[in-house]
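Colleague: pasting the structure only:
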């Protein structure tokens, strides 16, 4: 299959809406984060060189470099998430006639499920970075683009929460209890941090809209 | 310019991230809603014909028809929002040498700003419909796709909140006070409803994940 990120927007939603489980919520979470990162880049570019923002120029330039890196990583994650799901399906399809095959299959399934957790986990971490960026630049960027920064924060949080659900739905299939406990509390922690960051960004944004 | 919804996902994020103000947060809000509607369609299709869900078949079929309509409307809104913003720019560029020209320009600017409110307002309403659908089918659809329905609700709420910010940022430019008051309280009301709907969907989803 062609790369999802190279498909047209309309075509990608056709694929999503179809009765195959991939691409699904994991890829959407990554795309949501990528949209957030894109808007952060736009807000930075609408600030750099503008009168009244000279003192923040260096910080906003740094933020732009970071948001562009995050945009690329999140675009890649759209495809990586669908691939990780494919590997779970592959592992289940492995032969299971002999005891040796059964043991190998069990191991492959466990490895694939961990992969299917690690992929949205990375998406969640990237989305958290997008939110931290939004928070850092909220009072240093062009107020004419305040709503764009607010939308960026909303997309990053939706991406993070969506990715976290995709981590959580795979955990019951994983037998490594330490791994399960760590991921579970990690997802709770970063969602707490992310919600606080988004609320802070929206407070700043609300000073400049309606 | 080509239709935004026909651009590749990666190419659309290039456009977003650029230093032009359109496409911006309004188009992203519409896309976020379209992603939510797509996932609702997927969850419906993963439910129809599956054992254990026979009694919900008619209701889920109806939901699928609605979500596909909403997906199309929201895909269109990606472009309509960018066009509405373009009309504001056009109105400002109108000639203003004579008193008559000035009066016409003022009127054109007011009309364009109302258009730039109506466009995200429609997006917000479509996103609300996506959330109502999520809520209606949450306990009637394939629990293996629970995280997908959760992501759908998150994208629809992010789209609605993003669209509402795009309505609000344009209101101070509009002189029709009745219009401003109505839009302002409407956006508050539907955001309240939407947040309650999302929380309900996530409660149902959480019964089936992690």
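Modeller: Ah, there it is. Here the structure is a predicted model, which means the values were calculated and not measured.
Colleague: list the helices and strands whichever helix in chain A runs longest packs on?
Modeller: When chain A is parsed with DSSP state H, its longest helix is helix A:99-137. Packing partners of helix A:99-137 (3 or more Cβ pairs under 8 Å, 6 or more residues apart in numbering or on different chains; DSSP states H and E): helix A:25-45, helix A:57-92, helix A:146-170, helix A:177-206. Placement of C-beta: from N, CA and C, glycine included.
Colleague: Which one of these lies nearest to residue A:2?
Modeller: For residue A:2, the closest of these is helix A:57-92, at 9.7 Å, according to Cβ to Cβ.
Colleague: Distance from the chain centre to that closest one, please.
Modeller: In terms of Cα atoms, centre = their mean, to the nearest Å, the centre of helix A:57-92 is found 7 Å from the chain centre.
Colleague: correct me, but residue A:198 touches residue A:151?
Modeller: No: the criterion here is Cβ atoms under 8 Å, and residue A:198 misses it with residue A:151 at 11.2 Å.
Colleague: about what we covered before: using CSV, lay out the helices and strands packed on helix A:99-137 together with mean neighbour count and distance to residue B:188.
Modeller: Shown next, in CSV, are those (neighbours: other Cβ atoms under 10 Å in any protein chain shown; distance: least, Cβ to Cβ, whole Å):
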stretch, mean neighbour count, distance to residue B:188
helix A:25-45, 32, 23
helix A:57-92, 19, 30
helix A:146-170, 30, 15
helix A:177-206, 16, 12
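Colleague: what residue ranges in chain A score low on pLDDT?
Modeller: A:1, A:210 (pLDDT under 70).
Colleague: one step back: I'd like the helices and strands packed on helix A:99-137 as CSV, with distance to chain B appended.
Modeller: Below are the helices and strands packed on helix A:99-137 laid out as CSV (distance: least, Cβ to the nearest Cβ, whole Å):
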stretch, distance to chain B
helix A:25-45, 3
helix A:57-92, 6
helix A:146-170, 3
helix A:177-206, 6
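Colleague: ok now do the nearest residue to residue A:44 once chain neighbours are set aside, which residues does it touch?
Modeller: Using Cβ to Cβ, 6 or more residues apart in numbering or on different chains and skipping the chain neighbours, the partner closest in space to residue A:44 is residue A:64 (3.9 Å). Residues in contact with residue A:64 (Cβ atoms under 8 Å, 6 or more residues apart in numbering or on different chains) are A:40-41, A:44-45, A:48.
Colleague: Residue A:16: what's it in contact with?
Modeller: Shown in contact with residue A:16 (Cβ under 8 Å, 6+ apart): A:23-24, A:27-28, B:35, B:38-39, B:41-42.
Colleague: same thing but 7 Å
Modeller: By Cβ atoms under 7 Å, 6 or more residues apart in numbering or on different chains, the contact list for residue A:16 reads A:23, A:28, B:38-39, B:42.
Colleague: do the same with residue A:201
Modeller: By Cβ under 7 Å, 6+ apart, the contact list for residue A:201 reads A:134-135, A:138, A:149-150, A:153.
Colleague: and the residue nearest to it when sequence neighbours are not counted, how far is that from residue B:121?
Modeller: Spatial nearest neighbour of residue A:201, excluding adjacent residues (Cβ to Cβ, 6+ apart): residue A:153 at 4.1 Å. Distance, residue A:153 to residue B:121, using Cβ to Cβ, to the nearest Å: 21 Å.
Colleague: Over to residue A:38?
Modeller: 23 Å.
Colleague: can you check residue A:125 too?
Modeller: Using Cβ to Cβ, residue A:125 is found at 35 Å from residue B:121.
Colleague: And the two? Which one has more around it.
Modeller: A count of neighbours by other Cβ atoms under 10 Å in any protein chain shown puts residue B:121 above the other of residue A:125 and residue B:121, at 20 against 16.
Colleague: picking that back up, buried ones in the longest helix of chain A?
Modeller: Across helix A:99-137, burial judged by 16 or more other Cβ atoms under 10 Å in any protein chain shown covers A:105, A:108-110, A:112-137.
Colleague: any idea how far that helix is from the chain center?
Modeller: 11 Å.
Colleague: now swap in stretch A:173-189 and tell me
Modeller: Computed by Cα atoms, centre = their mean, the chain-centroid distance of stretch A:173-189 equals 18 Å.
Colleague: contacting residues around it?
Modeller: With Cβ under 7 Å, 6+ apart as the criterion, stretch A:173-189 contacts A:110, A:113-114, A:117, A:121, A:124, A:164, A:167-168, A:171, B:210.
Colleague: thinking again about what came up before, and of the contacts of residue A:16, the nearest to residue A:203?
Modeller: Out of the contacts of residue A:16, the member with the shortest distance to residue A:203 (by Cβ to Cβ) is residue A:28, at 27.2 Å.
Colleague: OK, contacts around the residue nearest to that closest one when sequence neighbours are not counted?
Modeller: Distances taken as Cβ to Cβ, 6+ apart put residue B:35 closest to residue A:28, at 4.9 Å, once the chain neighbours are dropped. Each residue near residue B:35 by Cβ under 7 Å, 6+ apart is listed here: A:13, A:28, A:31, B:155.
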